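A.B. asks: build me a model:
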Amino acid sequence: MSNLGQYVLPDGTLDDRNIWQREILYRGMNGKRVERFFVSPEQSYVFKPLTNDASEDREIWAYQHILHSFPKIYPELLASSGLGSGAQSWTIFEDLGLLHHEYSLQHALKVVKEMARWHSVPTSYLSEAPSIGPKPPIEQIASELLQRIDDVPAVMQQMGVSHRFLEDVQLVAEGQAFTEKKVLCHGDLHLGNYAVTSSGQLYILDWEHAHLNLPLWDLYHLIDMSHPLFPKQMTSVQRESILNGYLEQVAVQSSGSTYVHNRDAFKLDYYRFAAVFSLWMLLLIQGDLRQEKALWPKDKLLAQWEETSLSLTECLGRLDEYKTKYNYIDKSVNL
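C.D. replies: Predicted structure coming up:
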């Protein structure tokens with residue numbers, strides 16, 4: 001393979017002098033462009049600069065320390081600027097071709113199968129893993145909801161949500177809600193960050209937000225996190241299927257630990273986590289809708305509001321059901 005670094009300038013941008021053609025795939029939060037570039041009509045690669053200043057070196061770290069031991073569920077990293085390159089850092093990946101991001105239960109079940117694998121990475125490999133993701137920890141999210149006590153009731157009333165849910169928010173904010181240990185999380189596993197190729201191969205993309213967190217973090221992003229550019233329709237039946245699929249795979253990875261016997265306790269935790277996160281997301285979307293020049297088109301934001309609102313409503317309904325069950329089962333949930 002030729003030296004792919006020859007196509008990148010010292011400032012971390014592509015060098016047009018050596019490139020046949022370029023095609024923008026998307027722009028990062030900092031405005032930098034992820035591009036497909038051709039060095040000839042037959043050979044192309046994907047160039048990715050640092051797209052989020054807070055995620056410096058994370059993706060390279062994940063490839064060097066974790067992903068190399070996994071089945072090929074990720075695009076191959078062919079070249080990089082190396083660790084410590086700062087704002088000029090860059091990576092070059094194999095070009096997977098046309099990717100499909102349409103939601104399906106079948107694809108989501110494939111994702112949780114792999115998710116259970118990376119959640120089972122031994123902690124001895126994770127001593128250098130970041131501890132902060134692209135959004136605040138769930139306890140901070142709950143605290144922010146309590147601090148915005150004047151805004152939250154209006155949203156809850158608009159949705160017909162009981163004020164009793166604030167007790168759950170308080171529980172999360174105090175750090176008393178969840179008992180699982182921290183695991184390696186992808187960090188941003190919404191529908192735009194996993195895809196299927198034309199041949200049906202699943203790939204998990206964009207590992208720059210990998211960090212230690214509750215397993216619920218990845219599950220929420222897969223199941224109930226909304227995105228204005230990647231809408232999906234999740235149902236209560238599908239949500240339960242994905243959670244069951246994850247628990248089954250955790251049992252396989254852990255050789256049948258008692259964790260799988262506490263499914264109701266785990267699901268109670270998931271629905272509480274999801275409800276808190278979705279309520280926080282609604283406030284964020286509401287703020288975006290009020291801006292004259294939002295990052296996303298207004299029609300996309302309104303659709304995201306509807307998707308998140310439905311998620312919150314369904315998760316609160318299931319939360320009440322599992323609270324009733326939870327009165328009769330063992331509280332301990334261990335990974």
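A.B. asks: got the contact list for Pro297?
C.D. replies: Residues near Pro297 by C-beta atoms under 8 Å, 6 or more residues apart in numbering: Pro228. All C-beta atoms are positioned from the backbone trio N, CA, C, and that covers glycine.
A.B. asks: so for it, what's the pLDDT?
C.D. replies: In this model, Pro297 is scored at 91, pLDDT.
A.B. asks: for it, what are phi and psi?
C.D. replies: The phi/psi pair for Pro297 (degrees, to the nearest 10) reads phi -60, psi 150.
A.B. asks: pop the domain breakdown of the chain in here.
C.D. replies: The record's domain parsing of the chain by automatic domain parsing lists 4-95, 102-326.
A.B. asks: can you pull out the strands in this protein?
C.D. replies: Ranges of strands in the chain, per DSSP state E, are 21-27, 33-40, 43-49, 77-80, 90-94, 99-100, 183-185, 194-197, 202-204, 211-213.
A.B. asks: can I get those strands in a markdown table with distance to Glu306 and mean pLDDT?
C.D. replies: Below are the strands of the chain laid out as a markdown table (distance: least, C-beta to C-beta, whole Å; pLDDT from 0 to 100):
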| stretch | distance to Glu306 | mean pLDDT |
| --- | --- | --- |
| strand 21-27 | 24 | 93 |
| strand 33-40 | 29 | 96 |
| strand 43-49 | 32 | 96 |
| strand 77-80 | 37 | 95 |
| strand 90-94 | 34 | 96 |
| strand 99-100 | 23 | 93 |
| strand 183-185 | 27 | 93 |
| strand 194-197 | 23 | 95 |
| strand 202-204 | 27 | 96 |
| strand 211-213 | 27 | 93 |
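A.B. asks: so which residues of the chain form helices?
C.D. replies: 58-65, 105-119, 138-147, 152-159, 165-173, 215-223, 236-253, 263-290, 298-326 (DSSP state H).
A.B. asks: worst average pLDDT in those helices?
C.D. replies: Looking over these, mean pLDDT reaches its minimum on helix 152-159, with a mean of 80.
A.B. asks: could you check the angle helix 298-326 makes with it?
C.D. replies: Interaxial angle, helix 152-159 versus helix 298-326 (axes from the mean of the first three to the mean of the last three C-alpha atoms, to 10 degrees): 90 degrees.
A.B. asks: for Gly28, which residues are in contact?
C.D. replies: 34, 49-52.
A.B. asks: and the gap between it and Asp95?
C.D. replies: 18 Å (C-beta to C-beta, to the nearest Å).
A.B. asks: now swap in Arg36 and tell me
C.D. replies: 6 Å.
A.B. asks: shared neighbours of the two, anything?
C.D. replies: 44-46.
A.B. asks: number of nearby residues for Ala274?
C.D. replies: Counted by other C-beta atoms under 10 Å, the residues lying close to Ala274 total 24.
A.B. asks: what sits against it?
C.D. replies: Contacts of Ala274 (C-beta under 8 Å, 6+ apart): 216, 220, 223-224, 311-312, 315.
A.B. asks: what of Val196?
C.D. replies: Neighbouring residues of Val196 by C-beta under 8 Å, 6+ apart: 99-100, 107, 202-203.
A.B. asks: and the residue nearest to it when sequence neighbours are not counted, what does it touch?
C.D. replies: Distance criterion C-beta to C-beta, 6 or more residues apart in numbering; nearest residue to Val196, sequence neighbours excluded, is His100 at 4.9 Å. Shown in contact with His100 (C-beta under 8 Å, 6+ apart): 195-198.
A.B. asks: give me the buried subset of these.
C.D. replies: The neighbour-count test (16 or more other C-beta atoms under 10 Å) marks 195-196 as buried among the contacts of His100.
A.B. asks: rewinding a little: and the contacts of Val196 as JSON lines, adding distance to Met234?
C.D. replies: Formatted as JSON lines, the contacts of Val196 follow (distance: C-beta to C-beta, whole Å):
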{"residue": "Leu99", "distance to Met234": "21"}
{"residue": "His100", "distance to Met234": "18"}
{"residue": "His107", "distance to Met234": "13"}
{"residue": "Leu202", "distance to Met234": "18"}
{"residue": "Tyr203", "distance to Met234": "21"}
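A.B. asks: buried subset of these?
C.D. replies: 107, 202-203.
A.B. asks: in stretch 316-323, what's buried?
C.D. replies: 316, 318-319, 322.
A.B. asks: closest to Leu268 among these?
C.D. replies: Of all the buried residues of stretch 316-323, Leu268 sits closest to Tyr322, with 4.0 Å by C-beta to C-beta.
A.B. asks: residues contacting the closest residue to the closest one other than its chain neighbours?
C.D. replies: Nearest residue to Tyr322, sequence neighbours excluded (C-beta to C-beta, 6+ apart): Leu268, at 4.0 Å. Applying C-beta under 8 Å, 6+ apart, we find Leu268 in contact with 319, 322-323, 325-326.
A.B. asks: pick out the most distant pair among these.
C.D. replies: Using C-beta to C-beta, the pair of these lying farthest apart is Leu319 and Lys325, separated by 10.9 Å.
A.B. asks: buried residues of stretch 278-296, list them for me.
C.D. replies: Buried positions in stretch 278-296, judged by neighbour count with 16+ other C-beta under 10 Å: 278-283, 285, 288.
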